[in-house]
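J.: Predicted model, plus sequence, below.
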Amino acid sequence: MTRFIDTDTMATLVETVGIEQLLTELCQFIEHDYKRWDQFDKSARLACHSDIGVIELMPTADKQQYGFKYVNGHPGNTQKGLSTVMAFGALAEVATGYPLLLSELTISTAFRTAATSAMTARVLARPESKSMAMIGCGCQSEFQAIAFHTLLGITEIRAFDIDPASIRKFVTNLALFPNLKVITASSTAEAVKGADIVSTITADKTYATILTPDMVEPGMHINAIGGDCPGKTEIHHEILRRGKIFVEYEPQTRIEGDIQQLEADHPVTEFWQVLTGDSSGRDSAEQITVFDSVGFAMEDFSMLRYLHKTALELNLGEDISLVPTMDDDPKNLYAMLGNGRAATTIRRVA
Ligand SMILES: NC(=O)c1ccc[n+]([C@@H]2O[C@H](COP(=O)([O-])OP(=O)(O)OC[C@H]3O[C@@H](n4cnc5c(N)ncnc54)[C@H](O)[C@@H]3O)[C@@H](O)[C@H]2O)c1
């Protein structure tokens, strides 16, 4: 049987574990996998582009398990009452190909993206960082804010979005975190001014320039999340040139990240190398650091591993017959149809 987690079950799982606890544990899972980078099969995701969006498949595997995510990115979807980003995926045994877990991954993507952002910022941002600008207050934003509050000790968020309703939603959703002060701003420049960390999480399928060089101050860490497709950027190229750039998986980020604006040999560091000590992170308090995130399959693999373990421990979700169980004769797939019934159906069609 394959364990199945739908969005309601995911919500129950989050409620049972607690958001902050979940982010803490998930971050440990992602960090653990990043530190064993060499053990993974890695490839840039397979993207199917249209004029208004993209649908992507994100596979990866270690020696024991295989995972994949199906995810879309349609910035115009919110005008139709649909999400910009929706996802689902599976975890399977490498030894047999048997699927262990089929799961929702929309809520999970927000969690794993936030946990990855916090994992990188914990190493790259100045240790005394307390404030963060949040540019873009859509689906991902609260998860990012809570992750930075929980895992880095960020206590002040300055929020801006071109849609005032999104800012109001962001403020309301974070009201239950008494030690997190949320200040609203009337422009990106106002939100960014004096912030230790700047998160850009906007959605627009265009070469956007959300952050311009005049807004960026020495020592800032930029958590650039929304520029994640060819022709979809957020950060002015001058900022990228001034900063030290960290990426997830270079071959994928060269195509999809904000660094698509730079020369193909502009130096970047894959973040796993910082975790293993193979490369340095921030070199000085004045340095501008940029995490040019596009989302990498390994983060979803970590999430799927975490979900599978937690769902079994808490007995959440249900076991479904996603693939046939043929204990009597594994070569007799036809018997799954119920021999007589299938024959009758064929006669009726004829
Ligand atoms: N790097 C990753 O791993 C990763 C993971 C998930 C999502 N994303 C990307 O993050 C982005 C946000 O995702 P979401 O699910 O929150 O989308 P969303 O549509 O729910 O929210 C996006 C928000 O950005 C705002 N916005 C658009 N242009 C803006 C601008 N110029 N200035 C300020 N705000 C602006 C919109 O009004 C909206 O509220 C998307 O581009 C998505 O593709 C990246």
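T.: That came through fine. Numbers count the residues shown, from 1 in each chain.
J.: Quick one: the strands in the stretch 51-200 of the chain, in order.
T.: Per DSSP state E, counting those that start in this stretch, the stretch 51-200 of the chain carries strands over the ranges 54-61, 65-73, 87-93, 99-104, 131-135, 156-160, 181-184, 197-200.
J.: Now render the ones you listed as TSV, adding distance to the ligand.
T.: For glycine as for every other residue, the C-beta is placed from the backbone atoms N, C-alpha and C. Below are the strands of the stretch 51-200 of the chain laid out as TSV (distance: least, CB to the nearest ligand atom, whole Å):
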stretch	distance to the ligand
strand 54-61	8
strand 65-73	4
strand 87-93	9
strand 99-104	15
strand 131-135	5
strand 156-160	6
strand 181-184	12
strand 197-200	8
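J.: Turn those strands into a markdown table, including mean pLDDT and mean neighbour count.
T.: Formatted as a markdown table, those follow (pLDDT from 0 to 100; neighbours: other CB atoms under 10 Å):
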| stretch | mean pLDDT | mean neighbour count |
| --- | --- | --- |
| strand 54-61 | 98 | 20 |
| strand 65-73 | 98 | 21 |
| strand 87-93 | 98 | 20 |
| strand 99-104 | 98 | 22 |
| strand 131-135 | 98 | 26 |
| strand 156-160 | 98 | 23 |
| strand 181-184 | 98 | 16 |
| strand 197-200 | 98 | 27 |
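J.: Could you dump these into JSON lines with distance to D38 added?
T.: Below are the strands of the stretch 51-200 of the chain laid out as JSON lines (distance: least, CB to CB, whole Å):
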{"stretch": "strand 54-61", "distance to D38": "13"}
{"stretch": "strand 65-73", "distance to D38": "16"}
{"stretch": "strand 87-93", "distance to D38": "21"}
{"stretch": "strand 99-104", "distance to D38": "24"}
{"stretch": "strand 131-135", "distance to D38": "33"}
{"stretch": "strand 156-160", "distance to D38": "37"}
{"stretch": "strand 181-184", "distance to D38": "41"}
{"stretch": "strand 197-200", "distance to D38": "30"}
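J.: which parts of this protein sit against the ligand?
T.: 73, 78, 84-85, 109, 113, 135-140, 160-163, 166, 201-204, 208, 210, 225-226, 228, 293-295 (CB under 6 Å from any ligand atom).
J.: I only care about those that end up buried; give me the ChimeraX line for that.
T.: Only the buried entries of those go into this ChimeraX selection, using 16 or more other CB atoms under 10 Å:
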select :73,84,85,109,113,135,136,137,138,139,140,160,161,166,201,202,203,204,208,210,225,226,228,293,294,295
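J.: Now tell me which helix or strand of the chain has the poorest mean pLDDT.
T.: helix 339-349 (a mean of 62; mean pLDDT, DSSP states H and E).
J.: Any regions of this protein where pLDDT drops low?
T.: 339-350 (pLDDT under 70).
J.: can you tell me the residue of the chain closest to the ligand?
T.: G138 (1.7 Å; CB to the nearest ligand atom).
J.: Roughly how far does that residue sit from I162?
T.: From G138 across to I162, the span is 11 Å (CB to CB, to the nearest Å).
J.: list residues touching both of these two?
T.: Taking CB atoms under 8 Å, 6 or more residues apart in numbering as the contact rule, G138 and I162 touch no residue in common.
J.: most centrally placed residue in this structure?
T.: For the chain, the residue nearest the mean C-alpha position is T113 (2.8 Å; CA atoms, centre = their mean).
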